[in-house]
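J.: Using only what follows, build the 3D model:
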Amino acid sequence: MNTVISPSQDEKKPRTPLERLLINRNYAYNWIGLTFSQIGNVIFGISLLLWVATTLARNAPWAAFALGGLALLPTLVALVTNIFAGVYVDRWDARRTQLFMDAARAILFTLLLLATGIVPLPFPAGSESANLLQLICVYIAVVLNNACNPFVNNALAVILYDIVDEPDLPRAFGRGQVLNITATIVGPPIGAFVFFTVGIQWAIVLNILSFIISFFAFYMVRIPHKEKQIQEKEESISEQKSAKSDFLQEFLEGIRFTFGNRLLIAIIVAMMFVTAGAGIEVFELYFVTNNLHAAPQAYAYINVIIGIGAIVGATFAVPWLRPRIGPVRAYWVSVLTNGLLFFVFARLTNLIAAFATVFLLGVSQSMSSVAFGPIFFKATPRAMMGRVNSMLTQMLTIVTLLSLTLVPLLITALRDKTIQIGGLFLGPIDTLFTSVAILIITSSLYLRVTLNDYADVLNKPLPRDESGQPQGPAAALQPQPKRGRVSTFQKQVSICVVGGLVAVLVVLPVALATPTHAVSNFQLSRGNPATGQPVDGMLCQATLGSEQRASVHLTVYVNDQQVGVPSGIGSVAPPQPGVTPFASNGQTSCLYPLHVFEADNIIHIDASTNRTYRLGEFFDVWGQPLSRTQVADYQSDATHPLAFYAFDADGNMRNYSGDPRSIPLIEHGTIVIVYNSPHARLVPYNSWNGL
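T.: Model (predicted):
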């Protein structure tokens, strides 16, 4: 059972600033270990997501499931592992458990490092088979790492109680919260910088080094051997064994209390509405590239700015605003603000405006987090706190798992579907973001209606006994229904039904739309592709270039029909199981800077030289002719016109009347070639999905 610690009035203060900061020697080593391992994990996590989105999945039809799996697997593993971790950590030595887990994870990520291509893989670099093998290794590493996390978290809690005196625990927990926010702020930009500058290998190396440093830091921790603590622990274990027969009874009692308390049910339902959109957060990277027209690197700063906003909100906004409006209004108003800000965020197309919005979102989220605590504690007796909190966590975890399963299905179903209603442009990701915002707004309205009946009690301190302890919060919190022709329950049901229907109806028009860039099975011919020789100064190399990376969509219309560019252009490899190269030349295995991986008409630039590449150079690698009067096998004449258009990343179109070979290949640009197609849809490509 968790113990609630509150600082004493006569708490002994540290004698020096150094002691005030580090509390004691053991806590200093503990803090060092936590700092390196947490920041290393955040750097690795953001790098891993970028690696999967921009390289391993590469805008493939199953890319949404690949990214969703990175969030789904940890949640699923934690849900299962948590059942056992608490029991075994209580039985094992906590310090040894932490040391074992740090060592195991350092070895685990060393093995993952080998799978990144640092040693030769059985398949050519960049091939679908190589990416699939690496993706499997990633998932194995994610599963094993997250199987360790519950043991680590519980062991750290035990170690903290063993090395920190009771009066210092509040400050120790506070430093832990600051560390979490700091890791959230500094980790993502470092991870993105490392990934795009030196590659995924160095991100993994940093994570390995963080666990090694953490291992030695925890090795230096010395747990005080207090015979009294050992005796008390043994007595506690003995009491728990004797009370095994009452476990089921207490468990059922917790369920009955939780679902018999109207206020707790309202909190759970409201939080389930918010959590229903948890799966979409994994695809913020898609929103950055598709809707904000920014490079994938910008994604790393979204959570950084939210964290800064949360710190500012907790430091200034919450202390000033909450006492003035009360906890009830602070809670539902802040949740409503979260929903409105997320709605605004979903409609943005400018990166700076998005940063400003998520900063305000961080401020608002800090308000809702702070306001939630007092309401939850007033609704739950001290004796029920652990069981109620566990029930709330499990319910939200189940909703999160459902969300992480459903959202990738929706993103895949909405892939490349866009509609325009008046001047409003609706695409897959922004539409789902809008739907989630509606669910959050629904949650706030549901809370307002429910908390209105409890406002008189929740806005006042609970009565306390002679020792200062609250007297029966469950008994004190009786609803006080407001007079009206419509009951609170009827209002709750109406809000949930209407909010849910609106959230679904927002998505429906996009789901029924025709894909904007649907490519038919008809493909342009293979031509006479390069087989490894230098082309226009471009070398065919064994590995992907890292100096310049960009993605350009080539849309080709022939006789009013979109046609496909063959996959594999720019790749040279010997035929082998699992690999279908576009060109072969003996045992040569290499890749040109300009290439097409999938059947998605996307030209990828992975170059060792930073310069402007041209459309003509791509056609030269492909081995197809390109001129003002010819594209591949199609020659223009008086009755078969040929036109060239180019969109920049912001969707601005230009008609090219000169030599099409000179059209530059720019990041997130769209090049449209129209041959005898008067009904061609001249629209920019926006389904970059993290590329």
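J.: Show me the chain divided up by domain.
T.: 18-242, 249-459+473-515, 548-675 (automatic domain parsing).
J.: export those domains to JSON lines and tack on mean neighbour count, distance to Asn521 and mean pLDDT?
T.: Using the backbone N, CA and C atoms, a C-beta is placed for each residue, glycine as well. JSON lines is the format used below for the domains of the chain (neighbours: other C-beta atoms under 10 Å; distance: least, C-beta to C-beta, whole Å; pLDDT from 0 to 100):
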{"stretch": "domain 18-242", "mean neighbour count": "18", "distance to Asn521": "15", "mean pLDDT": "76"}
{"stretch": "domain 249-459+473-515", "mean neighbour count": "18", "distance to Asn521": "14", "mean pLDDT": "81"}
{"stretch": "domain 548-675", "mean neighbour count": "18", "distance to Asn521": "7", "mean pLDDT": "89"}
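J.: export those to JSON lines and tack on distance to Gly532?
T.: Converted to JSON lines, the domains of the chain look like this (distance: least, C-beta to C-beta, whole Å):
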{"stretch": "domain 18-242", "distance to Gly532": "12"}
{"stretch": "domain 249-459+473-515", "distance to Gly532": "30"}
{"stretch": "domain 548-675", "distance to Gly532": "5"}
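J.: nearest to Val535, of the ones you listed?
T.: With C-beta to C-beta as the criterion, Val535 lies closest to domain 548-675 of these, at 5.2 Å.
J.: mind saving the C-alpha coords of stretch 613-627 as PDB?
T.: The C-alpha coordinates for stretch 613-627 follow below in PDB (Å, rounded to 0.1, in the frame of the first residue of the first chain):
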ATOM      1  CA  TYR A 613      19.200  17.600 -58.000                       C
ATOM      2  CA  ARG A 614      17.100  17.900 -61.100                       C
ATOM      3  CA  LEU A 615      14.200  15.800 -62.700                       C
ATOM      4  CA  GLY A 616      16.400  15.100 -65.700                       C
ATOM      5  CA  GLU A 617      19.000  13.400 -63.500                       C
ATOM      6  CA  PHE A 618      16.300  11.100 -62.100                       C
ATOM      7  CA  PHE A 619      15.200  10.100 -65.600                       C
ATOM      8  CA  ASP A 620      18.800   9.400 -66.500                       C
ATOM      9  CA  VAL A 621      19.100   7.000 -63.600                       C
ATOM     10  CA  TRP A 622      15.800   5.500 -64.700                       C
ATOM     11  CA  GLY A 623      17.000   5.200 -68.300                       C
ATOM     12  CA  GLN A 624      14.000   7.000 -69.800                       C
ATOM     13  CA  PRO A 625      14.000  10.100 -72.200                       C
ATOM     14  CA  LEU A 626      12.600  13.400 -70.900                       C
ATOM     15  CA  SER A 627      12.200  16.600 -73.000                       C
END
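J.: out of the domains of the chain, nearest to Gly537?
T.: Closest among these, using C-beta to C-beta: domain 548-675, at 8.5 Å.
J.: Quick check, central residue of this protein?
T.: Closest residue to the average C-alpha location of the chain: Val282 at 3.2 Å, with C-alpha atoms, centre = their mean.
J.: Quick check: that residue vs Ile603, distance?
T.: Here Val282 is placed at a distance of 27 Å from Ile603 (C-beta to C-beta, to the nearest Å).
J.: So which elements touch the helix or strand where Leu410 lies?
T.: If you go by DSSP states H and E, Leu410 is part of helix 385-413. Counting by 3 or more C-beta pairs under 8 Å, 6 or more residues apart in numbering; DSSP states H and E, the packing neighbours recorded for helix 385-413 are helix 63-91, helix 247-260, helix 262-275, helix 428-451.
J.: angle of the last one against helix 385-413?
T.: Same thing as helix 428-451. If you take axes from the mean of the first three to the mean of the last three C-alpha atoms, to 10 degrees, helix 428-451 sits at 150 degrees to helix 385-413.
J.: my guess is Ala354 meets Leu292, correct?
T.: Yes. Between Ala354 and Leu292 there is a contact at 5.5 Å, judged by C-beta atoms under 8 Å.
J.: Would you mind naming the residues that bridge with Phe644?
T.: Taking DSSP bridges as the rule, Phe644 bridges to Tyr656, Ile673.
J.: pretty sure it is touching Arg661, no?
T.: No. The criterion here is C-beta under 8 Å, and Phe644 misses it with Arg661 at 10.0 Å.
J.: remind me, longest strand of this structure?
T.: strand 548-558 (DSSP state E).
J.: elements contacting that one?
T.: strand 561-563, strand 602-607, strand 669-675.
J.: Next SSE downstream of the shortest one?
T.: Pointing back at strand 561-563 there. strand 571-572.
J.: The second one too?
T.: Going down the chain from strand 602-607, the next helix or strand is helix 615-622, by DSSP H and E.
J.: what helices or strands is that following helix leaning on?
T.: strand 594-595.
J.: and the strand it packs on, how far out from the chain's middle?
T.: Distance of strand 594-595 from its chain centroid, counting by C-alpha atoms, centre = their mean, to the nearest Å, is 29 Å.
J.: Tell me which strands that strand pairs with, and in which orientation.
T.: Here strand 594-595 has these sheet partners by DSSP bridges: strand 602-607 (antiparallel).
J.: Could you pull up the contacting residues of Ile441?
T.: Contacts for Ile441 were tallied using C-beta atoms under 8 Å, 6 or more residues apart in numbering; they are Leu336, Gly339, Leu340, Phe343, Gly499.
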